[in-house]
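Trainee: next input, structure requested:
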Amino acid sequence: QSAFSFSYNNKGYYGGGYGADSGPGQNLKDLWEFDSQNLTWSQKASETLSSIDTWGGNKYNDFFITDKYYLISTSSNSGLPPYDFICYDVNSNTWLTKPSFPGHANTNSACFTANAKGYVCFGLKYSVWADTPIDSSLYSKDVWRYDPIAEKWDSLNKFPGSPRMYALGFTVNDTGYIGNGQNSIHKLPYDIGFYLNDLWKYNSGSDTWVKLNNMPFQINSGVQQAIFTLNNKAYFVAGYNDNAYSYNTVFTYNPQNDLWLRMPDFPGKAVRYPSAFVINSKAYVGLGIYNDTQLGPVYTNEFYSYCP
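Mentor: Numbers count the residues shown, from 1 in each chain. Next up, the predicted model:
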């Protein structure tokens, strides 16, 4: 579950995440490459961050630019910035150290790319635990931009909407979008608070945001859906709600007319924490965890392709 994913040059990649025997602080490090022509998997160089944790449904702070996958650590020795930052070079099959991320990094930020730069938005300002009440003022409205050519981070204008964590981020036609997320005073991990369903578009030229039509769902989508972009539309697969109920619903968003559409359901099990990537004109969705009436939570390695 909660694996990171990306695609490049007719290949798809799954890595990290959690397995059936994992616990807090025990992220998997392996990386696998999928050959869409031969329908085979091969193992690549393992991820090298010493401190990253997506246990319990959190997600990676990551983005992909050109031929490199970028990944931010979720903690530091002091619990405060800066945080380790690495990238995977697909062509050389190596992980490289990059300039540390100066913002507040945790597994609950939203990321996207635009104009060959990476953006990291929101999240919790500090690490918190189950017995620590979280005040909504600790949610961040920060927006950071990474320039891979200059190898530097820049702090941008604050997000004009509500501060949040667990938001989702995606890119369509080189434009970044964020939405959903959580903003409320609550206590982790049981009272998971109020989910937002707003959607925003980012203008990288003017460093401004535009509010769009709300999402047709208000579930924990930012961390528990698979999201992919295909044919200039964004797709949102599966999900999870406060009642521990998983969905196999699929929605698509068309930025051209700012409209949402319900699509045929995902044919696999109703999973949470699946992962997706796109190769040419076909999307691939797999992994995750589902509830079995007798066995309880079950990890799955099911893998599906989708061609609209």
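Trainee: ok, Ala238 touching Gln225?
Mentor: Yes: the criterion here is Cβ atoms under 8 Å, and Ala238 meets it with Gln225 at 5.6 Å. In short, each C-beta sits where N, CA and C put it, glycine included.
Trainee: what do those two both touch?
Mentor: With contacts taken as Cβ atoms under 8 Å, 6 or more residues apart in numbering, Ala238 and Gln225 have Pro274 as neighbours in common.
Trainee: against Thr171, how distant is Ser162?
Mentor: 22 Å (Cβ to Cβ, to the nearest Å).
Trainee: Asn180 is in contact with Leu168, correct?
Mentor: Yes: in terms of Cβ under 8 Å, Leu168 counts as a neighbour of Asn180; the distance is 5.0 Å.
Trainee: please say which of the two ends up with more neighbours.
Mentor: Asn180 (27 against 23; other Cβ atoms under 10 Å).
Trainee: quick check: chain neighbours aside, which residue is closest to Ala283?
Mentor: Nearest non-adjacent residue to Ala283, counting by Cβ to Cβ, 6 or more residues apart in numbering: Tyr306, 4.4 Å away.
Trainee: tell me the pLDDT of that neighbour.
Mentor: With respect to pLDDT, Tyr306 scores 96.
Trainee: quick check on it: phi, psi?
Mentor: Phi and psi for Tyr306, reported as degrees, to the nearest 10, are phi -140, psi 130.
Trainee: tell me how far it lies from Phe266.
Mentor: Here the criterion is Cβ to Cβ. By it, Tyr306 lies 9 Å from Phe266.
Trainee: list residues touching both of the two?
Mentor: Contacts common to Tyr306 and Phe266, judged by Cβ under 8 Å, 6+ apart, are Val285.
Trainee: pull the residues that contact stretch 288-298.
Mentor: 1, 226, 238, 244, 246, 269-275, 299-300, 302.
Trainee: Thr208 reaches Leu156, doesn't it?
Mentor: No: in terms of Cβ under 8 Å, Thr208 does not count as a neighbour of Leu156; the distance is 9.9 Å.
Trainee: which is the succeeding secondary structure element to the host helix or strand of Val278?
Mentor: If you go by DSSP states H and E, Val278 is part of strand 275-279. As assigned by DSSP H and E, the chain's next helix or strand after strand 275-279 is strand 282-286.
Trainee: please point out which parts of that following strand sit buried.
Mentor: 283-286 (16 or more other Cβ atoms under 10 Å).
Trainee: using a markdown table, lay out those together with distance to Val143 and pLDDT.
Mentor: Below are the buried residues of strand 282-286 laid out as a markdown table (distance: Cβ to Cβ, whole Å; pLDDT from 0 to 100):
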| residue | distance to Val143 | pLDDT |
| --- | --- | --- |
| Ala283 | 28 | 98 |
| Tyr284 | 30 | 98 |
| Val285 | 29 | 96 |
| Gly286 | 31 | 94 |
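Trainee: among those, which one lies nearest to Lys68?
Mentor: Tyr284 (20.5 Å; Cβ to Cβ).
Trainee: which one's more surrounded, Thr208 and Leu156?
Mentor: The neighbour count for Thr208 versus Leu156, taken as other Cβ under 10 Å, is higher for Leu156 (15 against 12).
Trainee: quick check: the nearest residue to that one once chain neighbours are set aside vs Thr40, distance?
Mentor: Leaving aside its chain neighbours, Leu156 sits nearest to Val143 (4.4 Å; criterion: Cβ to Cβ, 6+ apart). When distance is defined by Cβ to Cβ, Val143 is 40 Å away from Thr40.
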